[in-house]
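> need a 3D model of the sequence below.
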Amino acid sequence: MVVRVSRTPSTIPAAEPAPGARQLARGITATWWYTASAVMFFEAFLLLVWALGVLATNTAATVPLVLGAGGIVWWLSTLLLLADYRHRIDAEPGVPWTRIALPMIIALGFGVVGGLVSGSWLFAVMPVVQSTVLLNWPSGVRARVVVLLTAALVGLAFVDGSRDVYEAGTPWWLPAVYTVLLPVMTVSTLWWWDVLVALDRARASEARLAATQERLRVATDVHDLQGHHLQVIALQLELAERLMERDPAAALEQLRAARGSVDDARQGTRDLAMRFRSVPLGDELANARDLLAAAGLEVEAAIAADADEAPAAALGPVIRETTTNVLRHGGGRRARLALTRSADAWRYEIDNDAVPGAEERADGSGLEGVGRRIAEVGGTLDVQRGGDDFTVVVTVPVRDGETR
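Modelled structure (predicted):
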C-alpha cells in the first residue's frame, strides 16, 4: 500500500454537530433567512411610511429622534421573537415569559410614545399587534388571533379617519392600509416557513423509515437463511449421535454432511451480503452526490460514462466511507466527487472544504480501513490536507480484461 499524506498548518474540523442541528443548519437555513428578512422588511417599510406621515403633520425637532430611535429599538426587538419562533416545533410546553417579556415591553413602550407623537390609535397599537403575531401561537389559535387583531386594526383605522389625524392632502390611507395588512402578510410568511420545516422533518423521517425497513428486510433474510441451515445441521448432528454406536461409518457420513451444511450456510451468508453490497458504482456515486446535496452542500460531480465497469467491490465501500467522513467531519459547504479512468487505473477523488481553524480529529480508523481495502487490490490512497480543503484520492488498477 502506498499512502501519501500532505499536511499544511490548516486542519480539518473536530466538533461534530448533532444530526438534527446539521440538518437544520445546512438544509433550510437559507429559507429561514429569506423568511426573517421578509418580515423585517415589512416592519421597516411600515416604520418609514408612518414616520413620513407623522413628519408631514408634526414638525417638532424631537419627532424624528423619537420615531427613529424608538422604531429601531422595537424593530430589533422583533428579532428576538423571530429567533424564538424559528424553533417553535421543538419548543417546550408553556409560555416562555423570560424570552418574550422584553420584546413585548419594548413594543408597548414604543406604541405609547408613537401614539402620543402621531395622535393615531392605529400607530399606538401597531407595534404590540405585530409583536403579538410573532409569538409562538398554536396553528388554530394563531389564525383566530390574526383575524381578531386585523378586525381591531380596521376599526382603529376608521377611528383615526373620523378624528382627522392627518391634515388634508396627506396620504393617510397608505400607512393605515399597510398596518391593517401587516399581520396577514407576516403570518403568511411564517406559515411558509412552517411548511418547509414540516417537509424537511418528513423527509428525514422517511429516510429513517426506509433505513429501518431495509434493516428489517436484511434481518429477515439472514434469519431465514441461517434458521434453515441451522435446523438442517441440528438434524444431521442428532442423526450422527444416534448412529455413532451401531454404525460409525454412517455417523461419520452425517458429520461430513453437517460440515458441508456449515459451508453452505457460510457461503449463503457471503452471497447475501454481496447481494446488498453489489450496487453499480455509478449508482453509488449518484447516491453519494444526492446525500451530500440533501445535507446542504454544493456538490460538483464528474462521473465517467463507463463508471459501472469500475471495480465496485473495491471502490463502493470507499465511496460510502469517504462520503460519511465528509458529513461527519467536514462541516463545510461544498464538495466535489470525481471518478475517471486512465489507461491502467481508475481514479476516485473526493474533495471538501473544512471549517478554518478547527482542530484535526484524532480518529483516523475510517481512512486506515480504506487504505487497507485499497492495498488488497494493489491500489493507492493519497490524503491531502491543505488550506481549507481536505482531499482523498484513491487509485485502483484496471482489472485484467478491461480495455480503455
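
> figure out the helix or strand that Val63 lives in.
helix 62-86 (DSSP states H and E).

> check which helices and strands that helix sits against.
Helix 62-86 is packed against helix 29-57, helix 97-118, helix 121-133, with contacts defined by 3 or more Cβ pairs under 8 Å, 6 or more residues apart in numbering; DSSP states H and E. (Each C-beta comes from the backbone N, C-alpha and C, glycine too.)

> okay, the angle between that helix and helix 29-57?
Using axes from the mean of the first three to the mean of the last three Cα atoms, to 10 degrees, the inter-axis angle of helix 62-86 relative to helix 29-57 is 160 degrees.

> how about Ala176: what's its closest non-neighbour residue?
In space, and not counting its chain neighbours, Ala176 is closest to Ala157: 4.4 Å by Cβ to Cβ, 6 or more residues apart in numbering.

> er, Gln130 I mean
Leaving aside its chain neighbours, Gln130 sits nearest to Leu182 (6.0 Å; criterion: Cβ to Cβ, 6+ apart).

> check Arg341 too.
Closest to Arg341 by Cβ to Cβ, 6+ apart is Ala304, at 5.3 Å.

> kindly report the same for Val133.
Closest to Val133 by Cβ to Cβ, 6+ apart is Pro183, at 4.8 Å.

> run a quick neighbour tally on that neighbour.
When neighbours are counted by other Cβ atoms under 10 Å, Pro183 registers 23.

> likewise Met244?
Met244, neighbours per other Cβ under 10 Å, totals 14.

> what's the pLDDT at it?
For Met244, the model assigns a pLDDT of 87.

> could you shift the numbering so residue one becomes 27, and keep it that way?
All right, first residue 27 from here; so that's Met270.

> that one against Glu279, yeah?
No - under the criterion of Cβ atoms under 8 Å, Met270 makes no contact with Glu279, lying 11.7 Å away.

> which residues of the chain fall in strands?
In the chain, the strands defined using DSSP state E lie at 28-32, 324-329, 357-367, 371-380, 406-412, 415-423.

> quick one: contacts for Ile131?
Residues near Ile131 by Cβ atoms under 8 Å, 6 or more residues apart in numbering: none.

> tell me which residue lies farthest from the centre of the chain.
The outermost residue of the chain, judged against the average C-alpha position, is Arg272 (69.4 Å), by Cα atoms, centre = their mean.

> so where is this structure shaky, pLDDT-wise?
Residues of the chain meeting the criterion pLDDT under 70: 27-53, 115-121, 190-198, 299-305, 355-357, 381-392, 425-430.

> and the longest helix along it, what does it pack onto?
Taking DSSP state H as the criterion, the chain has its longest helix at helix 199-269. The contact analysis (3+ Cβ pairs under 8 Å, 6+ apart) places helix 199-269 against helix 45-53, helix 55-83, helix 147-159, helix 165-188, helix 274-303.

> please identify the deepest-packed of those.
Neighbour counts (mean count of other Cβ atoms under 10 Å) averaged over each of those peak at helix 147-159, with a mean of 24.

> for that one, packing partners?
Helix 147-159 sits against helix 55-83, helix 88-112, helix 123-144, helix 165-188, helix 199-269, with contacts defined as 3+ Cβ pairs under 8 Å, 6+ apart.

> wait, which of those is closest to Asn378?
In terms of Cβ to Cβ, the element of the helices and strands packed on helix 147-159 nearest to Asn378 is helix 55-83, at 18.3 Å.

> and that closest one, how far out from the chain's middle?
29 Å (Cα atoms, centre = their mean, to the nearest Å).

> care to break the chain down by domain?
48-229, 233-303, 307-423 (automatic domain parsing).

> distance to Gly412 added to the helices and strands packed on helix 147-159, as a markdown table?
Listed next are the helices and strands packed on helix 147-159 as a markdown table, based on distance: least, Cβ to Cβ, whole Å:
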| stretch | distance to Gly412 |
| --- | --- |
| helix 55-83 | 28 |
| helix 88-112 | 36 |
| helix 123-144 | 44 |
| helix 165-188 | 50 |
| helix 199-269 | 33 |
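
> for Asp370, find the nearest of those helices.
For Asp370, the closest of the helices and strands packed on helix 147-159 is helix 199-269, at 36.7 Å, according to Cβ to Cβ.

> distance from that closest one to the middle of the chain?
The mean C-alpha position of helix 199-269 is separated from the chain mean by 15 Å, Cα atoms, centre = their mean.

> chain center to stretch 83-102, what's the gap?
Centre-to-centre, stretch 83-102 and its host chain are 41 Å apart (Cα atoms, centre = their mean).

> in that stretch, what's buried?
For stretch 83-102, a neighbour-count test (16 or more other Cβ atoms under 10 Å) marks Val89, Val92, Leu93, Gly96, Gly97, Trp100, Trp101 as buried.

> now for the residues you listed: which two are most distant?
Most distant of the buried residues of stretch 83-102, by Cβ to Cβ, are Val89 and Trp101, 17.4 Å apart.

> correct me, but Asp379 touches Gly412?
No - between Asp379 and Gly412 there is no contact under Cβ under 8 Å: 11.2 Å.

> which one of the two is surrounded by more residues?
Of the pair Asp379 and Gly412, Asp379 is the one with more neighbours under other Cβ under 10 Å, namely 20 against 12.

> I'd like the distance between the closest residue to the more buried one other than its chain neighbours and Leu102.
Take Asp379 and drop its neighbours on the chain: the residue closest to it by Cβ to Cβ, 6+ apart is Gly358, 3.6 Å away. According to Cβ to Cβ, to the nearest Å, Gly358 and Leu102 sit 31 Å apart.
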